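> need the 3D shape of this:
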Amino acid sequence: MKYNMESQHMDWENKFDETILDRGYDYFQRGLVSNIKKSGNIIKADVSGSSIYRVSMKIKDGQPISASCDCPYASGNRLCKHMAAVYFAVNDEKVATESESDNQNVENIVEEVSDKDIREFVIETLKLDSTLFNLFKIRYSKMSKDEFASLKSNINNIFNAYKDRYGYIDYYNAGGFENDLEIFINETVQSLVDSGQLEIAYKLINYIAVKISKLNIDDSDGEIIELMECCDDIWTQIISLTADMKLKRKMFKWFQTKIDKLEPFDDTIDNILFSEFNEQEFLEKKLTWTKQRFVELKDNHDSYTDEYRAKSMALHYVDMLKKLNYPTDMIRDFLFENSDDWDIRRSYVTYCIEHEDYSEAIRSLIEGKRLFSDLSGIVNQFSIQLKDLYKKIGYDEDYRNELWELLTKTSSPDIKLYRELKSVFTDKKWPSVREKLLADMPKGSDLQEIYLEDKLLDKLLESVLSERGLYGVQRYGSTLRPLYSAKLLQKYVQVASDMATDSGTRQHYRKIVKVLKEMLNYPGGNAAAEKLIEKWREEYKMRPAMMDELNKF
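Numbers count the residues shown, from 1 in each chain. The predicted structure follows:
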């Protein structure tokens, strides 16, 4: 999702929620930003979180004016921690200089103070600040059972503080709840991780995750997604830091038992189980377990979710076979035997192509198109894979035929596929091929992009004028205006007149005025708009809201 910042005249940091900004800085400091690439005023980078997220940022005068990220949180048109992390990273030199200067000042001052004075200062400070004292105690002392129980009580208090009497956290309280719980995770649980108390941190984050899974909340702004990422971050750190195989086995077993029982963490736990725990003993356990789970779910599934999980386990099983270097024939046979699932069939085709068994790959794709003929999206994917395979092995006629089918089996042809087919023919031959292609396309197909691509402006004009509204006119107006301004203006007049026949809210009348303003971009547009307004003042004088909006024009 792309977020535009250009209209907000303030320092970029102020555009971020404070917690999001802090987490972005934490990600930057931990070195989770990679593959930074600059091209002009565009910066692109990867940020490691629960997955690898791609961030793109446009910079002007040293400040970001727009940013996008493919993480779930940013999909709600929000600035995310990954965007913040990238900005900190690209300004690393400045940030590093300031940070080093601050650190040097701290070190110089502390160096001049005696151990006794430092100890007295720490004692007095911790007496005055209970939060700081708790963090100090977590980092530097062994936690007792009572203290652990107290932390669980603090977690419960955060949940209870935002629930209503029915146990529900509404939209207006969700943000505060997420902020408080995230602070607890980032400060308290993270301090346990940093001080090496990994098992206690693990128990606490599990406790939080279980409570989140049972929570009834309106998280319209993505609060649960943010908290899931926090949990995932802590889990991943613990797994990577621990050398205690007993703890690791305990974690592995817990994730196994919770994978289908801890919504909304299913995908997060799946990702942890199969991206972490790569020691031999865990790979062997995962091999046995995934095969068993696949058989159970395939034989007894009673919902789409079970079917999806069965497919997921099958693909994980294949991955384990590869990691454990099992015979390739065993992998092939398993994929083939279960290719009644379209996703597994795609993996089977990929396997065949990798092992240069092209005839079997072609056979499986053609069969897949027939078996899944009622699923147009799946057929389209198989057809694209088949088209690319034909091209790879030099089956030119089959390649062209598959491209032709891809373009003529849909009412919204892909312009990239159109260009691909066009590239196969000479400029001289293409017009006759194109004529036949367009004739083969379904009636009512959207061909406007094709008309624009080949400069068939008369056909493009005919298409946009035949539409009910102004979408095509607005989209292609800059291209068509130099040649057909009078006809386009007449279309505006027609649409505005049709809109005016309906009475409506003030918002409806504002839309009419917006159409009138767009008419000003055309020769004679001002006169045409004034003529309409003069007519409406007489016909619709009993609509005060409409008259008021027209006066603003």
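
> going forward, measure contacts and count neighbours with C-alpha atoms only.
Fine.

> so which bits of the top helix by length along the chain are buried?
Across the chain, the longest stretch assigned as helix under DSSP state H is helix 471-500. Going by neighbour count (16 or more other CA atoms under 10 Å), the buried part of helix 471-500 is 472-473, 476-477, 480-481, 485, 488-489, 491-493, 495-496, 499-500.

> and the helix or strand that it is followed by, C-alpha only, in CSV?
Next along the chain after helix 471-500, taking DSSP states H and E as the criterion, comes helix 506-519. What follows is helix 506-519, C-alpha atoms only, in CSV (Å, rounded to 0.1, in the frame of the first residue of the first chain):
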residue,chain,number,x,y,z
ARG,A,506,-25.0,18.0,-1.6
GLN,A,507,-22.2,15.5,-2.3
HIS,A,508,-24.0,14.5,-5.5
TYR,A,509,-24.1,18.2,-6.6
ARG,A,510,-20.4,18.6,-5.8
LYS,A,511,-19.7,15.7,-8.2
ILE,A,512,-21.7,17.6,-10.9
VAL,A,513,-19.6,20.7,-10.3
LYS,A,514,-16.4,18.6,-10.5
VAL,A,515,-17.5,17.5,-14.0
LEU,A,516,-18.1,21.1,-15.0
LYS,A,517,-14.6,22.0,-13.8
GLU,A,518,-13.1,19.2,-15.9
MET,A,519,-14.9,20.7,-18.9
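
> how about helix 506-519: buried residues?
By neighbour count, with 16+ other CA under 10 Å as the criterion, the buried positions of helix 506-519 are 508, 509, 510, 512, 513, 515, 516, 519.

> next one: stretch 153-160
155, 158, 159.

> can you give the distance of the top strand by length along the chain from its chain's centre?
Assignment by DSSP state E gives strand 52-60 as the longest strand of the chain. Remark: strand 52-60 is offset 13 Å from the chain centroid, using CA atoms, centre = their mean, to the nearest Å.

> can you list contacts of that strand?
With contact meaning CA atoms under 8 Å, 6 or more residues apart in numbering, strand 52-60 is reached by 41-47, 64-71, 82-83, 86.

> could you rerun that using 10 Å?
1-6, 32-48, 63-72, 80, 82-87 (CA atoms under 10 Å, 6 or more residues apart in numbering).

> what does stretch 238-250 give?
Here stretch 238-250 makes contact (CA under 10 Å, 6+ apart) with 190, 193-194, 196-199, 201-202, 232, 251-256, 272, 276-277, 281-282.

> if any of the residues you listed are buried, give me the PyMOL selection for them.
Restricted to buried positions by 16+ other CA under 10 Å, the PyMOL selection for those reads:
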select buried, resi 190+193+194+196+197+198+199+201+202+232+251+252+255+256+272+277+282
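
> so which of the contacts of stretch 238-250 are in helices?
Secondary structure from DSSP H places 190, 193-194, 198-199, 201-202, 232, 251-256, 272, 281-282 of the contacts of stretch 238-250 in helices.

> residue 392 contacts residue 362, correct?
No: using CA atoms under 10 Å, residue 392 is not in contact with residue 362, being 11.9 Å away.

> of these two, who's got more company?
The neighbour count for residue 392 versus residue 362, taken as other CA atoms under 10 Å, is higher for residue 362 (20 against 12).
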